[in-house]
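[1] Could you look at this predicted model? Sequence included:
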Amino acid sequence: MCGIIGVTGADVPLDVLLGGLRLLEYRGYDSAGVALVALPGDDGSTASLWRRRSAVRAQSIAELESSREAAPRARTGIGHTRWATHGAATEANAHPHTDCSGEVAVVHNGIIENHRKLAARLVAAGHLLASETDSEVVAHLVEDELALGAGLAEAARRVAGELQGDFAIAVAYAREPETLAAVRRTSPLIVGRTGTLGVVASDIAAVLGTTRDLYALGDDQVAEVRPGSLSVSDLAGNPVDPRPVRVSWGVRAAQREGYEDFMSKEIHEQPRALTDTLLGRLHPDGATEFEELSLGEEVLGAIDRVLVVGCGSSYHASQVGRLAIERWAKLPATAEIASEFRYEDPVLDGRSLVIAVSQSGETADTYHALREARRRGATTLAVTNVVDSLMAREADGVLYTRAGPEIGVASTKCHVSQLVLLQAFALHLARLRSTLDADEASRLATGLAALPELVARALGKSEQYGAVAARIVEANDVFFLGRNVGYTIAQEGALKLKELAYVRAEAYAAGEMKHGPISLIDRNAVALVVVTRGALLEKLLANVEELRARGATVLALADEGDKETSALADLVLEVPPTEELLSPAVAVVPLQLLAYQIARTRGNDVDRPRNLAKVVTVE
Ligand code: M6R
């Protein structure tokens with residue numbers, strides 16, 4: 001979840017590091033730090049490390065900026081932005097960590113599972129550890145290898161062989177002022193170069209402004225990065241060719257471009273994200289085309305069951321996907337919370353298709369669920385926004401959402417792109433299995449193709465949020481209710497309100513209320529009901545009556561012109577009407593905007609909500 005950046009060969013490496021950290025901050029913002037290899041002075045002083053760290057949460061990078069003037073002349077440095085796992089969010093636990101000599105600096109993303117054992121060994125040998133982190137051991141282990149005569153890259157290789165767990169690590173060393181060593185296992189790490197620079201980063205976005213000549217390190221590969229050159233080897237020291245990274249978006253895509261924050265930019269990019277995600281994949285007659293999907297008709301034709309796994313908003317998209325697969329392709333389909341699925345001893349075989357849905361393609365829970373599914377013999381498919389991400393590489397097949405980089409911690413454009421892509425894939429399965437007639441397939445394809453336009457219309461209705469937002473803020477506790485696909489929308493709406501506005505929001509399948517939660521309803525209760533116009537409409541409206549009878553305030557999300565719902569609800573948020581199963585991409589928009597507006601009113605940081613990180617690489 002942390003962000004890593006490193007550069008060598010730069011005239012002002014601190015500029016590259018701070019610029020990169022700003023772009024990486026969404027990965028974690030509990031603290032940040034940089035270390036530079038200060039060049040020898042004219043006074044005969046030797047090269048040394050200069051380090052600055054700050055733990056004032058979202059202000060940490062700004063504080064580092066203020067130390068610019070004190071920065072020494074250097075060509076090489078590393079930087080880090082942290083989401084705390086081991087050890088509190090303090091300056092002492094902030095990266096880079098150094099060894100006893102103060103000549104080795106290390107930044108790390110991931111978890112070193114055997115750190116206690118390694119720390120005990122280091123302490124017994126006389127090392128002084130200064131933090132509570134799992135990461136610091138790496139600096140001291142490198143120190144020992146250097147003392148035995150290894151060069152920096154060789155030391156990093158030997159140390160990596162001792163580490164258990166997931167890690168992406170970059171190391172700088174005062175006595176090799178123009179070298180960085182980088183090594184990874186599971187956690188991603190990119191290396192790159194220009195004619196004069198070498199770079200390391202956990203994310204493409206951090207270095208895209210510097211170079212597009214980028215390579216993804218593989219598991220247990222070590223890179224020696226020098227100005228203008230890279231050499232990569234495996235843990236045995238054999239040279240390997242790193243895999244070039246293809247980047248389809250430009251550096252501007254990862255910038256705010258005039259919006260006040262990334263979240264509003266990304267909410268407004270949703271029509272574009274959907275258009276791009278569907279581009280070339282859907283034909284008006286219902287035919288589908290997935291160029292990059294390496295799962296052929298023979299494999300997909302043999303599938304007899306689908307399990308869609310994900311976390312958070314990706315789980316909610318998975319629920320929409322599973323409904324479409326079951327309804328259109330007539331395949332038994334379930335949606336699974338990835339962190340639970342892996343430990344449920346799932347019964348799978350080659351006829352089970354497990355679809356891992358993840359914006360980042362890196363989420364540990366989903367990644368391990370995917371690996372478990374493979375281990376159990378299932379056919380696997382990754383639906384992700386990040387090209388060449390861990391899941392994209394692990395799965396038998398991959399489908400990319402084409403939403404562009406999503407920086408705001410709350411998922412918006414990627415969530416809608418995921419669910420629409422899953423719906424298009426459900427049509428694909430339906431076609432293969434001949435479960436829809438031609439008219440129905442064509443009608444659904446036309447409905448999907450219309451979604452970008454409908455989302456754009458939903459975005460234009462921001463004037464209606466004020467009164468609803470005021471009622472929610474007053475209540476500070478909201479039920480989100482819906483049935484069938486409306487329940488998935490309710491869950492996503494509740495998640496957005498919780499994570500952005502810090503308002504307690506509980507999503508329920510509306511029919512479940514009478515089985516217990518209705519005892520919480522009184523005149524102070526507020527329920528936001530997602531009214532989707534399908535077979536369950538009458539039953540849902542009856543559930544609304546039950547709430548009203550007990551004094552609850554009913555806020556409804558309903559189709560434009562839905563008089564029946566308007567008559568029942570205290571306040572209504574209107575959305576352009578769509579076919580029921582296609583409604584989530586449109587209906588979620590007002591709920592995103594509502595959460596955004598309440599969060600802003602409360603002075604919350606919408607891009608970096610408290611305690612969260614964009615990419616959750618721990619279980
Ligand atoms: O990168 P992923 O899609 O795998 O991330 C999954 C969740 O962590 C993510 O959707 C999270 O719930 C967001 N903060 C929701 O807005």
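    Good, I have the coordinates. Worth saying up front: this structure is predicted, and the values here are computed from it rather than measured.

[2] Next secondary structure after the longest helix along the chain?
    Longest among the helix segments of the chain by residue count, using DSSP state H, is helix 413-433. Going down the chain from helix 413-433, the next helix or strand is helix 438-449, by DSSP states H and E.

[3] Run through the neighbouring helices and strands of the helix or strand containing Val299.
    Take DSSP H and E as the rule and Val299 turns out to sit in helix 297-301. Packed against helix 297-301, as judged by 3 or more C-beta pairs under 8 Å, 6 or more residues apart in numbering; DSSP states H and E, are the following elements: helix 413-433. All C-beta spots, glycine's among them, are computed from the backbone N, C-alpha and C.

[4] that older thread, do the longest helix of the chain and the ligand meet?
    No. Under the criterion of C-beta under 6 Å from any ligand atom, the ligand is not reached by helix 413-433; the shortest gap measures 6.6 Å.

[5] That helix: how far from the chain's middle?
    Between the centre of helix 413-433 and the centre of its chain there are 20 Å (C-alpha atoms, centre = their mean, to the nearest Å).

[6] orientation of it relative to helix 438-449 in degrees?
    Using axes from the mean of the first three to the mean of the last three C-alpha atoms, to 10 degrees, the direction of helix 413-433 lies 170 degrees away from that of helix 438-449.

[7] name the helices or strands packed onto helix 413-433?
    helix 270-278, helix 297-301, strand 305-310, helix 312-329, strand 352-358, strand 379-384, helix 438-449, helix 584-601.

[8] out of these, deepest packed?
    Highest mean neighbour count of those: strand 352-358, a mean of 29 (counted as mean count of other C-beta atoms under 10 Å).

[9] Direction included, what does that one pair against?
    Its sheet considered, strand 352-358 pairs with strand 305-310 (parallel), strand 379-384 (parallel) by DSSP bridges.

[10] Any part of the last one near the ligand?
    When you say that, I think you mean strand 379-384. No. Legend: contact between strand 379-384 and the ligand by C-beta under 6 Å from any ligand atom is lacking; minimum distance shown is 7.8 Å.

[11] That strand relative to helix 312-329, how many degrees between them?
    130 degrees.

[12] List the contacts of strand 379-384.
    Strand 379-384 has contacts (C-beta atoms under 8 Å, 6 or more residues apart in numbering) with 293, 295, 299, 303, 321, 350-361, 370, 373-374, 389, 391-392, 394-401, 418, 421-422, 425.

[13] need the helices and strands packed on helix 413-433 in JSON lines with mean pLDDT and distance to Leu500, can you?
    JSON lines is the format used below for the helices and strands packed on helix 413-433 (pLDDT from 0 to 100; distance: least, C-beta to C-beta, whole Å):
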{"stretch": "helix 270-278", "mean pLDDT": "94", "distance to Leu500": "16"}
{"stretch": "helix 297-301", "mean pLDDT": "94", "distance to Leu500": "38"}
{"stretch": "strand 305-310", "mean pLDDT": "98", "distance to Leu500": "19"}
{"stretch": "helix 312-329", "mean pLDDT": "98", "distance to Leu500": "12"}
{"stretch": "strand 352-358", "mean pLDDT": "98", "distance to Leu500": "20"}
{"stretch": "strand 379-384", "mean pLDDT": "98", "distance to Leu500": "23"}
{"stretch": "helix 438-449", "mean pLDDT": "96", "distance to Leu500": "28"}
{"stretch": "helix 584-601", "mean pLDDT": "96", "distance to Leu500": "4"}
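
[14] So what's the residue count around the nearest residue to Leu612 once chain neighbours are set aside?
    Leaving aside its sequence neighbours, Leu612 sits nearest to Val409 (C-beta to C-beta, 6 or more residues apart in numbering; 5.0 Å). Counted by other C-beta atoms under 10 Å, the residues lying close to Val409 total 23.
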